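# using only what follows, build the 3D model:
(3 chains)
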Amino acid sequence: MKASEIAQLIGGQLEGGADPELSDLAPLDRAGPQQIAFLADHKYLQYLETAQAGAVLIAESLAMRGSTTLPRIVVKDVHRAVALLLQRFHPEKVQPPGIHHTAVLGRGVALGADVHIGPYAVLGEGVRVGARSFIGAQTVVGDDVVIGEDVTVHGSVTLYRRVQIGDRSIVHSGVRLGSDGYGYTQEGGAHRKVPQSGSCIIGKDVEIGANTTIDRGSVGNTEIGDGVKIDNLVHIGHNVRIGPHSLIIAQVGISGSATLGSRVTVAGQVGIVGHVQVVDNVVVAGGTAVWASILEPGVYSGRPARPHKEELKRQAAVGRMPKLMERLKRLEQIVMGRKDEGE
Amino acid sequence: MKASEIAQLIGGQLEGGADPELSDLAPLDRAGPQQIAFLADHKYLQYLETAQAGAVLIAESLAMRGSTTLPRIVVKDVHRAVALLLQRFHPEKVQPPGIHHTAVLGRGVALGADVHIGPYAVLGEGVRVGARSFIGAQTVVGDDVVIGEDVTVHGSVTLYRRVQIGDRSIVHSGVRLGSDGYGYTQEGGAHRKVPQSGSCIIGKDVEIGANTTIDRGSVGNTEIGDGVKIDNLVHIGHNVRIGPHSLIIAQVGISGSATLGSRVTVAGQVGIVGHVQVVDNVVVAGGTAVWASILEPGVYSGRPARPHKEELKRQAAVGRMPKLMERLKRLEQIVMGRKDEGE
Amino acid sequence: MKASEIAQLIGGQLEGGADPELSDLAPLDRAGPQQIAFLADHKYLQYLETAQAGAVLIAESLAMRGSTTLPRIVVKDVHRAVALLLQRFHPEKVQPPGIHHTAVLGRGVALGADVHIGPYAVLGEGVRVGARSFIGAQTVVGDDVVIGEDVTVHGSVTLYRRVQIGDRSIVHSGVRLGSDGYGYTQEGGAHRKVPQSGSCIIGKDVEIGANTTIDRGSVGNTEIGDGVKIDNLVHIGHNVRIGPHSLIIAQVGISGSATLGSRVTVAGQVGIVGHVQVVDNVVVAGGTAVWASILEPGVYSGRPARPHKEELKRQAAVGRMPKLMERLKRLEQIVMGRKDEGE
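A predicted model of the protein is given here:
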């Protein structure tokens, strides 16, 4: 593919004179002359000068800051351009529809057109799968589960009974949806299990990363809104509700009955306690401990969570402590004539 | 089911005059006229006035604080009442006993009466399964594993060789019991694996949440006491011992050879380093970092863990820093006549 | 096995007169007269006096500090001696080579000599497995995966398409290698998936713990160097590179495009943000939040990460706050004559 064809495909501007033939994308620091590299983040500017790529895809905002003699294609949104090029260079291998002869289907299973069911998949009674959906090898689908159209459930996933997944959602290997929530009552010093009788409802266009777990509701459902993207190894407790288009990064834990609004971003390893509310458009920085509701949009960080600016001030204040100690000592020496204040 | 019948079933007091017919339980903010809602936590009092439920199950302690014209059933322990009602409205579908024809059983497997073995389950040599136990689809049971009576091992679980599980325990999908612990010795700059030859012994009435991992012992066993309840995505290292009736919430990590007493509560995302001891009746708040033994009962929090009151004081002290800076500046101005102390 | 034979096997010095017959290893506080216990860590010195073991394996460095009348074998490196003894007392049961008749093999699969493929394993098209490698029950291997020689992939693992695993590596149950990284672009308020077209390349002599996830690269690969040891429930994002012989302890999260050098140690529950660099020989303490590159070797801790000594000073400074408040009050009283400074 010529650089000029690429520029046309992604709506970019080819600069630098040459028009090389390119066969793949590669990172800036590892691309060779047959590859087009890309520069989307100023952190990688350092690699530009020594890059060996055949051409560079570069963000408008960075085009002025870096200097290179390589042919370059300038675009507004590099990430979008990269996505388009990857689809072109690495088209996904389509699994042909069909039901593998080793799949076990329970009574009353209803499958839409062109469904793919992989080897050793097990579908319980009354399961419904929409047209063109994919169920990978070894995946176990409980009774009365409902899967929409164009859904991808990779291999080795567990969907407990009555789980629902909306159209076009993607569920990665090792995900457990609808497992029992953590609920016990105390009886004579022992813990007695509270039945977990609700379900787990996943919206449309959701993606759920590998080995993430989302518990079913105890009374009522756990609900994940349309367009929510969840990373790997996330824990979402029973009766949690997450609004549309929110982002939940890896290893986040959200305890039972917490409610998140729409377009909330929760960065990696955040913990959110149970029964709190986080309103729309909140951003929670990585590692934050959310111990109370967040009722105003904005960026939050810290343990416990505070508005990010406040947390930065606290951090700075602690950093000033040694200097402050010195100033205090000096004052004491002046006022009290001491030279040696033992602490 | 009439409200009056429900009141009788759960030992509660029906108030408010009416006696509606109710067909299900639902959360307070989403219940309709055919449903009974419940109010166990004062945080939800706000929803009481506008509730559309047919009746409300309400804790004695909250009955005076909320006002509603709905029929209500007042009970001491709402959670216990909810558990009873869920069992009534949503009785669990019992899987009939039997061994699926696709299950693979090794030599010398011994199965008790009325055992259920799901599709594609694989049992190694010498495995013993007690009466009425359930092994889900795709679960892999290693050689010489011993499973007690009335145990539920959901689908897609791995039990490595020689693991033992006590009566009535529940193991959720994706759990790995008896995987190798993390142990290496240094040899010439490389890490040489230490054999992990012990086992992993799970007591009676234990529940283990989805995708949790518990490593086998290196020398000697990892031991989980009776009645312990473990949430999702927890990591328990080799040779850890946890005493009876302890609670381990989601995403906790407990490193090798740590010993926890009985009735210990470890809240979400806590990390406990190796080789420490935590005595009976300790509560560790969410996100705490336990870097040393905890030898007195009580509540602990912070990074590193301290008695919770102490940690609160530290947090408060940091919060007072800006004011303290101002006071120090004022003093300096008075004492030294300075107006402008650069920091 | 006589104590004297053990001493000879492990290159240790038998002391204490007797030469008992010993049949197993056990921890110091639980060993009986037929067992040899071991003492490698001074924390366990307290158990020495009351130990019931038949003999004690003891580190040279501790031999002087504990007193016991039990026969003892003194060695330089107890951990190495324990490893040797475990291999002797608990030789690993070797799974005979062979392909289980239920395994599903795609077109063009190439298997080396003496490979073991377990029940219900599924190998996609073009998979290559080197000699003497082991693939456990239920493991799903995607198209074009390449597995080296003497590799152990335990049961219920997922290897997505094109993943590569080097010789002698060990992959535990529930591991997901090559799942899609977390990458989206914003389009009109919704998140559009960026194709994840790279792969995931695992070096030689790597071990990966249960339920860990390592995403494939988006453009280019995720790369784990030779001899790296990864614990359970770790998340490694797309395009991460980890240098040889690094150690990654349980529940660590490493975000996309971070680069770690060789012989880096990352302790439990650490979070490392994306696009940063951590140089060779860095040690990151448990629970640390790495928000920026670490460019000097050393020990780091804190949230955010700082040189460990600096972090300890910060912690100490906060601890001195109450005393500091008192000193400030006293000064104020002297200077301003106040008795009562409200805070």
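
# quick one, what contacts residue A:220?
A:198, A:239, B:26-27, B:30 (CB atoms under 8 Å, 6 or more residues apart in numbering or on different chains). Any C-beta I mention is one placed from the backbone N, CA and C, and that applies to glycine too.

# can you tell me the SS state at it?
coil (DSSP: H, G, I helix; E, B strand; the rest coil).

# how about the helices in chain A?
Using DSSP state H, the helices of chain A run over A:3-10, A:60-63, A:78-89, A:308-336.

# pretty sure residue A:335 sits against residue C:331.
Yes - Residue A:335 is within contact range of residue C:331, at 5.8 Å (criterion: CB atoms under 8 Å).

# okay, the two: which has more neighbours?
More crowded of residue A:335 and residue C:331, by other CB atoms under 10 Å in any protein chain shown: residue C:331, with 21 against 16.

# and that one, what is it in contact with?
So residue C:331 contacts A:328, A:331-332, A:335-336, B:331 (CB under 8 Å, 6+ apart).

# chain B contacts on the stretch 1-150 of chain A?
The stretch 1-150 of chain A comes close to chain B at residues A:104, A:120, A:122, A:138, A:140, A:143, as judged by CB under 8 Å from any CB of the partner chain.

# and the closest residue to residue A:286 other than its chain neighbours, what are its phi and psi?
Ranked by CB to CB, 6 or more residues apart in numbering or on different chains and with sequence neighbours excluded, the top spatial neighbour of residue A:286 is residue A:267, at 3.9 Å. Note on residue A:267: backbone dihedrals following degrees, to the nearest 10 are phi -80, psi 170.

# let me see the contact set for residue A:267.
Counting by CB under 8 Å, 6+ apart, the residues that residue A:267 touches are A:249, A:252, A:283-288.

# neighbour count for those - can I get that in TSV?
Converted to TSV, these look like this (neighbours: other CB atoms under 10 Å in any protein chain shown):
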residue	neighbour count
A:249	26
A:252	27
A:283	18
A:284	27
A:285	20
A:286	25
A:287	28
A:288	30
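
# quick one: low-confidence parts of chain A?
For chain A, applying pLDDT under 70 flags the ranges A:338-343.

# how is it divided into domains?
A:3-89, A:157-304 (automatic domain parsing).

# which of those is buried the deepest?
domain A:157-304 (a mean of 23; mean count of other CB atoms under 10 Å in any protein chain shown).

# and the stretch 51-200 of chain A, which of its residues are near chain C?
Taking CB under 8 Å from any CB as the criterion, the stretch 51-200 of chain A approaches chain C at residues A:77, A:79-80, A:82-83, A:86-87, A:89-90, A:92-93, A:100, A:102, A:118-120, A:136-138, A:154-156, A:170, A:172-174.

# residues touching the residue lying closest to residue A:158 once chain neighbours are set aside, list them.
Nearest non-adjacent residue to residue A:158, counting by CB to CB, 6+ apart: residue B:173, 3.9 Å away. Contacts of residue B:173 were listed using CB under 8 Å, 6+ apart, and they are A:140, A:158, A:160, A:176, A:179, B:136, B:154-157, B:210-211.

# chain C versus residue B:173, what's the distance?
Residue B:173 sits 10 Å away from chain C, taking CB to the nearest CB, to the nearest Å as the criterion.

# next one: residue A:254
16 Å.

# list the contacts of that residue.
Counted by CB under 8 Å, 6+ apart, residue A:254 has contacts A:234-237, A:240, A:242, A:248, A:260, A:266, A:272.

# which ones among the residues you listed come in contact with chain B?
Okay, of the contacts of residue A:254 touching chain B (CB under 8 Å from any CB), that's A:235, A:237.

# now, which of the contacts of residue A:254 lie within strands?
Counting by DSSP state E, the contacts of residue A:254 place A:235-236, A:242, A:248, A:260, A:266, A:272 in strands.

# between those, which sits nearest chain C?
residue A:248 (9.6 Å; CB to the nearest CB).

# bridged to that closest one, which residues?
residue A:230, residue A:266 (DSSP bridges).

# confirm for me that it is in contact with residue A:225.
No - counting by CB under 8 Å, residue A:248 does not reach residue A:225; the two are 11.2 Å apart.

# which neighbours do those two share?
Shared contacts of residue A:248 and residue A:225, counting by CB under 8 Å, 6+ apart, come down to residue A:242.

# state the distance from residue A:313 to residue C:131.
From residue A:313 over to residue C:131 the distance is 61 Å, taken as CB to CB, to the nearest Å.

# okay, and which of the residues of the stretch 1-150 of chain A next to chain B map to strands?
A:104, A:122, A:140.

# any chance of those in CSV, plus distance to residue C:1 and neighbour count?
As requested, those are arranged in CSV below (distance: CB to CB, whole Å; neighbours: other CB atoms under 10 Å in any protein chain shown):
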residue, distance to residue C:1, neighbour count
A:104, 50, 19
A:122, 48, 28
A:140, 46, 29
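
# and which of those residues is nearest residue A:15?
Using CB to CB, residue A:140 comes nearest to residue A:15 of these, at 53.5 Å.

# for the closest one, name its beta-bridge partners.
Beta-bridge partners of residue A:140, as defined by DSSP bridges: residue A:122, residue A:158.

# contacting residues around it?
Residue A:140 neighbours (CB under 8 Å, 6+ apart): A:121-122, A:157-159, B:136-138, B:155-156, B:173.

# do that again at 10 Å, thanks
With contacts defined as CB atoms under 10 Å, 6 or more residues apart in numbering or on different chains, the neighbours of residue A:140 are A:104, A:120-124, A:156-160, A:176, B:118-120, B:136-139, B:154-156, B:173.

# with residue A:7 instead?
By CB under 10 Å, 6+ apart, the contact set of residue A:7 is A:13-15, A:19, A:55, A:57, A:71-75, A:81.

# follow-up on the earlier one: separation between the residue nearest to residue A:158 and residue A:179?
Counting by CB to CB, the gap from residue B:173 to residue A:179 is 6 Å.

# which residues do these two both contact?
A:158-160, A:213, B:154, B:209-211.

# among the residues you listed, which are in strands?
Judged by DSSP E, those include A:158-159, A:213 as members of strands.

# ok, the residues you listed vs residue A:108, which is closest?
Once CB to CB is applied, the member of these that ends up nearest residue A:108 is residue A:159, at 16.2 Å.

# follow-up on the earlier one: ok, which pair from the contacts of residue C:331 is furthest apart?
Top of the distance list for the contacts of residue C:331 (CB to CB): A:336 and B:331, 12.4 Å.

# spit out the residues that contact those two alike.
The contact lists of residue A:336 and residue B:331 share C:331, C:334, where a contact means CB under 10 Å, 6+ apart.
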